[in-house]
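Novice: sequence first, then the predicted structure:
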Number of protein chains: 2
Amino acid sequence: MTVEDPDSTAPGARTPAPRTAAAAGSGPSARPHGDLERYTGLFAQRTQVMKSSAMRDLMALTERPDVISLAGGLADTTLFPAEDLAKVLSHMAAGDAARALQYAPTEGISEIRPCLAAVMAAEGTEVDPDDILVTTGGQQVIDLMCKTLVDPGDVIVAEGPTYPGAVPTFSAYQADLVQIEMDDDGMRIDVLETTLDQLEREGRTPKFIYTIPTFQNPGGVTMSLERRKRLVEVATEREILVLEDNPYGLLRYEGESLPTLFTLDGGRFVVYGGTLSKILSPGIRVGWTVAPAPVRQKMIIGKQGSDLNSSSMSQLFVAYYFRERDWRDYVQRQSDVYRARRDVMLAALQEHMPEGTTWTRPQGGLFVWVTFPAWVDTTDLLARALQHDVAFVPGRAAFLDGRGGNSMRINFSGVTEDDIRTGIARICTVIEEQMELYASLTGTTRPRSGGAASEPPPAPRTADAPVVPLRTAGRRRGNG
Amino acid sequence: MTVEDPDSTAPGARTPAPRTAAAAGSGPSARPHGDLERYTGLFAQRTQVMKSSAMRDLMALTERPDVISLAGGLADTTLFPAEDLAKVLSHMAAGDAARALQYAPTEGISEIRPCLAAVMAAEGTEVDPDDILVTTGGQQVIDLMCKTLVDPGDVIVAEGPTYPGAVPTFSAYQADLVQIEMDDDGMRIDVLETTLDQLEREGRTPKFIYTIPTFQNPGGVTMSLERRKRLVEVATEREILVLEDNPYGLLRYEGESLPTLFTLDGGRFVVYGGTLSKILSPGIRVGWTVAPAPVRQKMIIGKQGSDLNSSSMSQLFVAYYFRERDWRDYVQRQSDVYRARRDVMLAALQEHMPEGTTWTRPQGGLFVWVTFPAWVDTTDLLARALQHDVAFVPGRAAFLDGRGGNSMRINFSGVTEDDIRTGIARICTVIEEQMELYASLTGTTRPRSGGAASEPPPAPRTADAPVVPLRTAGRRRGNG
């Protein structure tokens, strides 16, 4: 199976996780007079395509203590010592109370910039601290990039699958998202070029290419050096901006670090997006971007309109933390924990997953991408899984075009090893149930690995490109 | 003079504060290859009308210690005891470290909602805590409201002058802003109705009416009870949403509290926007909104795309602070300080301002709005004022149509009494210089109060409505 199989004809194809959308919406005490009709005529056109992120909707479920959620993308913040947090915050309060409570410049507080530059330097990416624009998490980088560049109907190119949390952002700007299939070496740059050619013939130049080259979310794969170089060449040749989203680069569990696109490009066409969400804390909402000056200037004005500035308290906390503690040590401790959890997850998949299922084997980051036989619908599966107290992100949340119906994203960083084992086993129980049902309905024996269950995929958007599966590991029953 | 005089024909009319725009932009170390031409073709159409907020650009100048900035809109966070901050943060870290560092639901952390409901209740506004959506400052309420409702070219109605920080937000959504003049009783609802009639004849229904009814920014005036009731009636009759932005309601220095529009309306057409920025801290970036359920649901999806959730650390800090301290006591202490500063500012204006100048006399909030004779250009004046180490917000920043050229907003909450006196005196020195220049250029004696300097105002947008000046106090030389 391949992740790029268009799946819009699958039974039950629908927008991501509609069953849980209400959970994040209006609570039991939703205001009276909330009849949709009255307001429908007032809504902006963008709201017709604005979809809720399945990942965020599922957050509500993670608060149910009996659910093992493999759906999140959480750093395990219990690894951060509470007494360290108390000390650093106390020192910040003693030294900078009034500043922590006050507005900050839109660009960010000066002391935090060298910290963020140091994070980039740890991956070999050199940047002038003054060029950093602090944002409200990495999410705001994507939003400001769209705000600066995207008119309704403009093309954004991204990986297929792409970060589920970017989908509502792209939708809000009414972008036309074109997704490029991946394999074990990340985005297929040859397919990208074919697609760009096709778009050019249609008179459509993408406003930017969105990529997570390292430990991709949700694919778990990493773009090879060769492809990185070629992507930067393509961007330069065609004068197309690239947004390199790099939340996970420092969470590497094996292998050698690769240069960022930003480094290879020198900051000419590559906009860098960073965040402290995965290496320190998502709760402080501190991300940043480095962009060419004209783009940066527009992003600053955009941020003024969005939220004036990011939390001063968060920014000063970071500055004090970097001064008083070894932030690299905490990244290392997290990496050690996440590596072990990844290994547990891969072993559990190997042990439990039925034949015909494949999954990626990430060298870092937070996620494994699992692909089931074509007849499996993971959106349906999620509803059943929740009855078994386990959650994941259904693959459709990572596409805007209905693909991904037989895939899912599962997270290992925010879940204990025991819960990973139990969670995977529960998912497999549900899958086995579906397989029995499938067999009884079709009057066949359960489908064997690959073969019968896998219909030839419909022609992808770039039909002349060979289809390469996004898989690095698979389960063949009996040889595990 | 009146604030609603169209001023687009004034010499030197231009977009707000262009001289300072560069300050917030690219620093000395702006990235190379930053030639605007290369990227211009890529920018979204909205960037052509996205204007930098003069107020935010001026923030950079407030960091120069020699400048007395009356330009800000700052709560004085030095009033918050550093040891209190340290204690509350330590308790939060001890009790909830992992949650403070973790993602939160998009709607907000549950414990903070009763706190925010308590703030509303203190002004007599009852709300179910579950109906509250936490935002990244009050600014994000305006942004999400636009995101939910505004297509390019849609009409937003606001006061004239309006909150300068809302101008870049409205611009980013390519809204057509129609501004309604005010007098001492706030927005002229009769003019609003005439304007809505006119718009209706043009087939254009405003997407919402944006108002700060209490201690308006920048006007300093408060909407009367009679007008509040009529505004809610108008909204109901015409089925138009109202965004009631209420950052300052609890900062009342005299007079009786009035019911909010939200209370009068029952939450049917009025969306409430609140923030802790002025009564606790702008640096934590905690605001909130209460909206009819269908609108709220769209705002939640919009927020997912913007920044996923507001800072968990900030939200938990608020919850602990409200639990451990008397937040009302801090609001009272701030109010006492701000009241004294307001009185100093009004006295300094009375002492120093040349004849023909008028200003508002706010019963609360942070701002005084000053209107000079028509020949004064406050954008030009600002450049000279900065040479004298004093800053204010030029009036054009509060309009999208070029008006406000002879007005300015000055702040008294974030400035010491001595600095207020010195700052006002410096502004008056600059004004006196301009008056001498004016007299020498025109060969006249300096203009006397009102009369000669005040040209009859051009017809306002709603020509059938009488023009009423936004003034509650004035300076007549010799009787101060």
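Specialist: Received the coordinates, thanks. Numbering: from 1, shown residues only, chains lettered A, B, ... in the order given.

Novice: alongside chain B, which residues does the stretch 251-400 of chain A contribute?
Specialist: Taking C-beta under 8 Å from any C-beta of the partner chain, the part of the stretch 251-400 of chain A that reaches chain B is made up of A:266-268, A:277, A:280-285, A:290-298, A:300-302, A:304-314, A:317. Where you see a C-beta, it was placed from the backbone N, CA and C, and this is true even at glycine.

Novice: what segments of the stretch 51-200 of chain A are strands?
Specialist: Along the stretch 51-200 of chain A, the stretches classed as strands by DSSP state E, counting those that start in this stretch are A:68-69, A:133-135, A:155-160, A:176-183, A:186-187.

Novice: so how far is residue A:310 from the residue nearest to residue A:118 when sequence neighbours are not counted?
Specialist: Nearest non-adjacent residue to residue A:118, counting by C-beta to C-beta, 6 or more residues apart in numbering or on different chains: residue A:322, 7.1 Å away. According to C-beta to C-beta, to the nearest Å, residue A:322 stands 16 Å off from residue A:310.

Novice: the more surrounded of these two?
Specialist: More crowded of residue A:322 and residue A:310, by other C-beta atoms under 10 Å in any protein chain shown: residue A:310, with 32 against 20.

Novice: can I assume the more buried one sits in a strand?
Specialist: No. Applying DSSP: H, G, I helix; E, B strand; the rest coil, one finds residue A:310 to be coil, outside a strand.

Novice: so it touches residue A:136, yeah?
Specialist: Yes. The criterion here is C-beta atoms under 8 Å, and residue A:310 meets it with residue A:136 at 4.6 Å.

Novice: what do those two both touch?
Specialist: Common neighbours of residue A:310 and residue A:136 (criterion: C-beta atoms under 8 Å, 6 or more residues apart in numbering or on different chains): A:285, A:286, B:285.

Novice: out of those residues, which is nearest to residue A:372?
Specialist: Nearest to residue A:372, judged by C-beta to C-beta, of those is residue A:285 at 34.8 Å.

Novice: could you redo the shared contacts of residue A:310 and residue A:136 as a markdown table and give each row secondary structure?
Specialist: Listed next are the shared contacts of residue A:310 and residue A:136 as a markdown table, based on three-state DSSP:
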| residue | secondary structure |
| --- | --- |
| A:285 | coil |
| A:286 | coil |
| B:285 | coil |
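
Novice: could you export the residues you listed as TSV, including distance to residue A:143?
Specialist: Shown next, in TSV, are these (distance: C-beta to C-beta, whole Å):
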residue	distance to residue A:143
A:285	13
A:286	15
B:285	15
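
Novice: buried by neighbour count, from those residues: which ones?
Specialist: A:285, A:286, B:285 (16 or more other C-beta atoms under 10 Å in any protein chain shown).

Novice: got a list of what the first one touches?
Specialist: Counting by C-beta under 8 Å, 6+ apart, residue A:285 touches A:136-137, A:277, A:310-311, A:314, B:136, B:307-312.

Novice: want to throw these into a markdown table with pLDDT?
Specialist: Formatted as a markdown table, the contacts of residue A:285 follow (pLDDT from 0 to 100):
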| residue | pLDDT |
| --- | --- |
| A:136 | 98 |
| A:137 | 98 |
| A:277 | 97 |
| A:310 | 98 |
| A:311 | 98 |
| A:314 | 98 |
| B:136 | 98 |
| B:307 | 97 |
| B:308 | 94 |
| B:309 | 96 |
| B:310 | 98 |
| B:311 | 98 |
| B:312 | 98 |
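
Novice: same list, those, but as CSV with distance to residue B:396 please.
Specialist: As requested, the contacts of residue A:285 are exported to CSV (distance: C-beta to C-beta, whole Å):
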residue, distance to residue B:396
A:136, 29
A:137, 33
A:277, 39
A:310, 28
A:311, 30
A:314, 33
B:136, 27
B:307, 30
B:308, 35
B:309, 36
B:310, 32
B:311, 33
B:312, 39
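
Novice: tell me which two in those residues are the farthest apart.
Specialist: Maximum distance among the contacts of residue A:285 (C-beta to C-beta): 15.0 Å, for A:277 and B:136.

Novice: okay, the two: which has more neighbours?
Specialist: Comparing residue A:277 with residue B:136 by other C-beta under 10 Å, the one with more neighbours is residue B:136, at 30 against 25.

Novice: low-confidence stretches in the stretch 51-200 of chain A?
Specialist: A:51-63 (pLDDT under 70).

Novice: pick out the residue of the stretch 301-450 of chain A closest to chain B.
Specialist: Closest to chain B within the stretch 301-450 of chain A is residue A:312: 3.3 Å, counting by C-beta to the nearest C-beta.

Novice: check contacts around the closest residue to that residue other than its chain neighbours.
Specialist: Nearest residue to residue A:312 in three dimensions, chain neighbours excluded: residue B:283, at 3.3 Å (C-beta to C-beta, 6+ apart). For residue B:283, the contact set (C-beta under 8 Å, 6+ apart) comprises A:99, A:100, A:101, A:102, A:103, A:104, A:311, A:312, A:313, B:77.

Novice: make JSON lines out of those residues and add distance to residue A:207 and neighbour count.
Specialist: Below are these laid out as JSON lines (distance: C-beta to C-beta, whole Å; neighbours: other C-beta atoms under 10 Å in any protein chain shown):
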{"residue": "A:99", "distance to residue A:207": "37", "neighbour count": "19"}
{"residue": "A:100", "distance to residue A:207": "37", "neighbour count": "29"}
{"residue": "A:101", "distance to residue A:207": "38", "neighbour count": "26"}
{"residue": "A:102", "distance to residue A:207": "36", "neighbour count": "25"}
{"residue": "A:103", "distance to residue A:207": "31", "neighbour count": "24"}
{"residue": "A:104", "distance to residue A:207": "29", "neighbour count": "25"}
{"residue": "A:311", "distance to residue A:207": "29", "neighbour count": "29"}
{"residue": "A:312", "distance to residue A:207": "32", "neighbour count": "27"}
{"residue": "A:313", "distance to residue A:207": "34", "neighbour count": "29"}
{"residue": "B:77", "distance to residue A:207": "40", "neighbour count": "21"}
